[in-house]
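Peer 1: here is a sequence together with a model predicted from it:
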Amino acid sequence: MKIIRGCSIAAVGVTTCLSVALCLEVGRASAFVTPTTTTSAVTRHHGKATGPLNVLTEPDQSTAALGSSSSSTTNLISKMSEKMGAVDDTRIIHPEYESGEVPRIFSSLTYNKSEQGKINAVHATGSVLGATALVAGTTVGAGVLALPAATAPIGFLPSTAAMGVAWAYMTMSGLLIAELSINRLGQSGKPGQGMLDLFEENLGPKWSKFGSAAYFFLHYAVVVAYIAQGGLNLDGILSSVGLSNLAEVPGAGQALFASVCASGLFLASKKQVEQVNNLFVVALAAAFAGIIGIGAQSADFSALTDPANQHPELVVDAFPIIFLSLVFQNVVPTVVNQLEGDRSKITKAIVAGTTLPTIMFLIWNAVVLGNVQGTDLLSNIDPVALLQSTDGNSALLGTLVGTFSFLAVVTSLIGFTYALLDAWTDTFRIPQQGPKYEQWKPALFALIFLPPLALSITDPNIFYSALDYGGAFGVSTLFLVLPPIMVWGQRYGENQSELLTKPMVPFGKIPLGSMWKAAGTLIVEQGADKLGIFDWISNHVSLPS
């Protein structure tokens, strides 16, 4: 079984390494192509110096060899560029946008009414800082709670490397979706299109349903996890205030948590929800700072780097949770609209917005794992739940971890509820406001909350499993397989449609192939593992050790 799982690890690793190697090879070859100007102050004619000439009539062998070498290298680069995939300049709709002469696609305007009754139009330019905060805020979700449980059996060093790989792939995914959004904006002239619109436009009617199914699968899997964990957190609160009898009723915590959240979101306006959510985010940041400040004092950091605690052969099992903890792509179309299609600003917002949470997750992982060293981390143990207990740990640290867990679940659930609400209204062609929306609103909220509640009641401890399945199949399909396939078809397909922007991820086809092949390998490996195929093989087939 270790040999088979090792092959899966090797497949992902080889794909990534080949991509990096090819990119480095292209860069090295490009270094040889330098403008070469051969001048001759003195040109020899019949062995005599005749003075300078504008044309070199008799080049020597070294110059000819240099010219031949330069020509060969140029041809090599041209062939490699053709193989990697290049977008012809004639396909660009607006060359001035591609050159940067005109940085944005459109201008957002707000209309202010003066005291004299005059209406003024003001340019509402998007902020890179605001867009970065949106990406970072979306990335920081309840998936961080499952991260230590996924990385504990692997060890801190292999999990750190895995998070670096996941950051690279997820950032490229966001840039590819931005590229699709920009090109779609240039073709249609309509801002405000979301992920489902991109699926329908780039995959066609048949395969867009596959993308929509992956979208709903991921969101429902995450909502199931959040209701399950929120119910467990609420059970703890009920027990602490003397309502342990209610907390012991199976599914009571989950039902109460889902009812309170659904009712609050149903009755409150979006502005009220935003205000409450902002308060929760501030409290979440304060709880996180407290956890890091207190937890760092008691963490055993030397054990984190101890070779005996590193198990890189298990790293593939952590990728689903790691990928899920870095999900932000559903807000990329919003970022494109906020920044008016300015490619430079969009790139900065996505790269910075994913880098900051990744650093935050690495610190969180180090502090949590550093505080549970000495326990059997290879067993099915939740380090976050272990820290929440006061046995052997600081009572204040346990309280902060519990507060952070509760707030992370609530704030994340708000975002996913609105995402599902938008998706269902698009699917059923229901307007997002007005009498018809109010008529269907109860049914929509029931459709969002009741199925996940039923699943979470059947298994209150489904939090980790639901996120694991969502990461292995939902995130991998939705954000690592479909975006490169859509971009490949847009750039290199037979249609050769007009584009607004050239590739936002360099090296052409290499990262596209690397992404969907690595994700496809992960899907197959995780599917075989969860179906018990590896266990069956290990029990029935004799393999060399």
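Peer 2: Noted; the coordinates are in hand.
Peer 1: which stretches in the stretch 51-200 of the chain count as strands?
Peer 2: Counting by DSSP state E, counting those that start in this stretch, residue ranges of the strands within the stretch 51-200 of the chain are 109-113, 119-123.
Peer 1: so for the first one, mean pLDDT?
Peer 2: Mean pLDDT, taken over the full extent of strand 109-113, equals 69.
Peer 1: same deal with stretch 240-247?
Peer 2: 78.
Peer 1: stretch 407-421 now?
Peer 2: pLDDT averaged over stretch 407-421 gives 88.
Peer 1: pretty sure Ala252 contacts Asp235?
Peer 2: Yes. Assessed by Cβ atoms under 8 Å, Ala252 is found in contact with Asp235 at 7.5 Å. The C-beta positions use only the backbone N, C-alpha and C, and glycine is treated the same way.
Peer 1: so between the two, which is more surrounded?
Peer 2: Asp235 (22 against 19; other Cβ atoms under 10 Å).
Peer 1: need the contact list for the more buried one.
Peer 2: Neighbour list for Asp235: 247, 252-253 [criterion: Cβ atoms under 8 Å, 6 or more residues apart in numbering].
Peer 1: switch to 7 Å and redo it
Peer 2: By Cβ atoms under 7 Å, 6 or more residues apart in numbering, the residues touching Asp235 are 247, 253.
Peer 1: so where is this structure shaky, pLDDT-wise?
Peer 2: For the chain, the stretches flagged by pLDDT under 70 are 1-71, 74-83, 107-111, 114, 123-124, 192, 374-381, 389-394, 542-545.
Peer 1: where along it do the strands fall?
Peer 2: 44-45, 48-49, 109-113, 119-123 (DSSP state E).
Peer 1: just the C-alpha atoms of stretch 173-192, please, in PDB.
Peer 2: What follows is stretch 173-192, C-alpha atoms only, in PDB (Å, rounded to 0.1, in the frame of the first residue of the first chain):
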ATOM      1  CA  SER A 173      -6.000  29.300 -10.300                       C
ATOM      2  CA  GLY A 174      -7.200  32.800  -9.200                       C
ATOM      3  CA  LEU A 175      -5.200  34.500 -11.900                       C
ATOM      4  CA  LEU A 176      -6.600  32.100 -14.500                       C
ATOM      5  CA  ILE A 177     -10.200  32.900 -13.400                       C
ATOM      6  CA  ALA A 178      -9.300  36.600 -13.500                       C
ATOM      7  CA  GLU A 179      -8.100  36.100 -17.100                       C
ATOM      8  CA  LEU A 180     -11.300  34.400 -18.000                       C
ATOM      9  CA  SER A 181     -13.300  37.200 -16.400                       C
ATOM     10  CA  ILE A 182     -11.400  40.000 -18.100                       C
ATOM     11  CA  ASN A 183     -11.700  38.300 -21.500                       C
ATOM     12  CA  ARG A 184     -15.400  37.700 -21.000                       C
ATOM     13  CA  LEU A 185     -15.900  41.300 -19.900                       C
ATOM     14  CA  GLY A 186     -14.200  42.400 -23.100                       C
ATOM     15  CA  GLN A 187     -16.300  40.100 -25.300                       C
ATOM     16  CA  SER A 188     -19.700  40.900 -23.700                       C
ATOM     17  CA  GLY A 189     -19.200  44.300 -22.300                       C
ATOM     18  CA  LYS A 190     -21.200  43.200 -19.200                       C
ATOM     19  CA  PRO A 191     -19.500  43.500 -15.700                       C
ATOM     20  CA  GLY A 192     -20.700  41.500 -12.800                       C
END
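Peer 1: from the middle of its chain, how far away would it be?
Peer 2: Centroid separation between stretch 173-192 and its chain, computed with Cα atoms, centre = their mean, to the nearest Å, is 17 Å.
Peer 1: repeat that for stretch 510-526.
Peer 2: How far stretch 510-526 lies from its chain's middle: 15 Å, per Cα atoms, centre = their mean.
Peer 1: again, but for stretch 131-139
Peer 2: Using Cα atoms, centre = their mean, the offset of stretch 131-139 from its chain centre is 11 Å.
Peer 1: what lies in contact with it?
Peer 2: So stretch 131-139 is in contact with 281, 326-328, 331, 334-335, 338-339, 349-350, 352-354, 356-357, 415, going by Cβ under 7 Å, 6+ apart.
Peer 1: what is the burial count for Ala466?
Peer 2: For Ala466, the neighbour count with other Cβ under 10 Å is 24.
Peer 1: should've said Val165
Peer 2: Burial of Val165 is recorded as 17 neighbouring residues (other Cβ under 10 Å).
Peer 1: same check, this time on Val384
Peer 2: Residues near Val384, counting by other Cβ under 10 Å: 20.
Peer 1: what do you get for Thr458?
Peer 2: Using other Cβ under 10 Å, Thr458 has 12 other residues around it.
Peer 1: how far is the longest helix belonging to the chain from where the chain is centred?
Peer 2: Ranked by number of residues, the top helix in the chain under DSSP state H is helix 195-240. Relative to its parent chain, helix 195-240 has a centroid offset of 15 Å by Cα atoms, centre = their mean.
Peer 1: before we move on, what about stretch 301-317?
Peer 2: On Cα atoms, centre = their mean, the centre of stretch 301-317 falls 24 Å from the chain's centre.
Peer 1: ditto for stretch 439-450
Peer 2: Distance, centroid of stretch 439-450 to centroid of chain: 28 Å (Cα atoms, centre = their mean).
Peer 1: cool, and stretch 290-302?
Peer 2: Computed by Cα atoms, centre = their mean, the chain-centroid distance of stretch 290-302 equals 28 Å.
Peer 1: what does it contact?
Peer 2: 363, 366-367, 370-371, 373, 394, 396-397, 400-401, 404.
Peer 1: just the buried ones from the residues you listed, in ChimeraX syntax?
Peer 2: To isolate the buried subset of the contacts of stretch 290-302 in ChimeraX, counting by 16 or more other Cβ atoms under 10 Å, use the following:
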select :366,367,370,371,373,394,397,400,401,404
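Peer 1: wait, which of the contacts of stretch 290-302 is closest to Ala162?
Peer 2: Nearest to Ala162 among the contacts of stretch 290-302 is Ala366, at 14.2 Å by Cβ to Cβ.
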